[in-house]
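Enquirer: Sequence first, predicted model second:
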Amino acid sequence: MIEVKLRYPIEFEGRKIDKLAFRRLKTGEIARGTHEGDRFKTAMNIAAISAELPVSAIEEIDAADFREISEALEGAGFFEHTTPRT
């Protein structure tokens with residue numbers, strides 16, 4: 001599990017979110033979250049599934065925080081199976 005503290009907390013469904021915990025994904029979750037040709041949408045969906053939040057919550061995250069989340073997930077290998085190997 002990876003935890004990322006948000007520099008710019010969000011308010012979602014009446015609660016303040018200042019950190020997110022991301023769990024490893026199952027193959028089916030990666031398949032559901034992957035959008036061919038749209039890496040950004042894939043990253044948002046994978047983050048939402050992994051954090052067990054709706055995409056609408058991820059959409060509220062500041063761009064700087066989302067960049068940090070993406071880098072943390074990529075560094076941990078969360079995206080290594082979202083692109084087919086050639």
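Expert: Looks like it arrived, so ask away. Just so you know, these numbers come straight off a predicted model, no measurement behind them. Numbering: from 1, shown residues only.
Enquirer: Tally up the residues packed near residue 27, please.
Expert: Other residues within reach of residue 27 by the criterion other Cβ atoms under 10 Å amount to 8. In this view, the C-beta of every residue, glycine as well, is placed from N, C-alpha and C.
Enquirer: same check, this time on the one 5 residues further on
Expert: By the measure other Cβ under 10 Å, the count of residues near residue 32 is 12.
Enquirer: quick one: it and residue 47, what's the gap?
Expert: 13 Å (Cβ to Cβ, to the nearest Å).
Enquirer: Residue 16 pairs with what?
Expert: Following DSSP bridges, residue 16 is listed with bridge partners residue 11.
Enquirer: now the end-to-end length of stretch 31-47.
Expert: For stretch 31-47, the first and last residues are 13 Å from each other (Cα to Cα, to the nearest Å).
Enquirer: oh, I was asking about stretch 33-40
Expert: Across stretch 33-40, the straight-line distance between its terminal residues is 11 Å, by Cα to Cα.
Enquirer: Which elements pack onto the helix or strand bottoming out on mean pLDDT in the chain?
Expert: Of all the helices and strands that make up the chain, helix 27-33 has the lowest average by mean pLDDT, DSSP states H and E, namely a mean of 89. In this structure, helix 27-33 packs against helix 39-51, with contacts taken as 3 or more Cβ pairs under 8 Å, 6 or more residues apart in numbering; DSSP states H and E.
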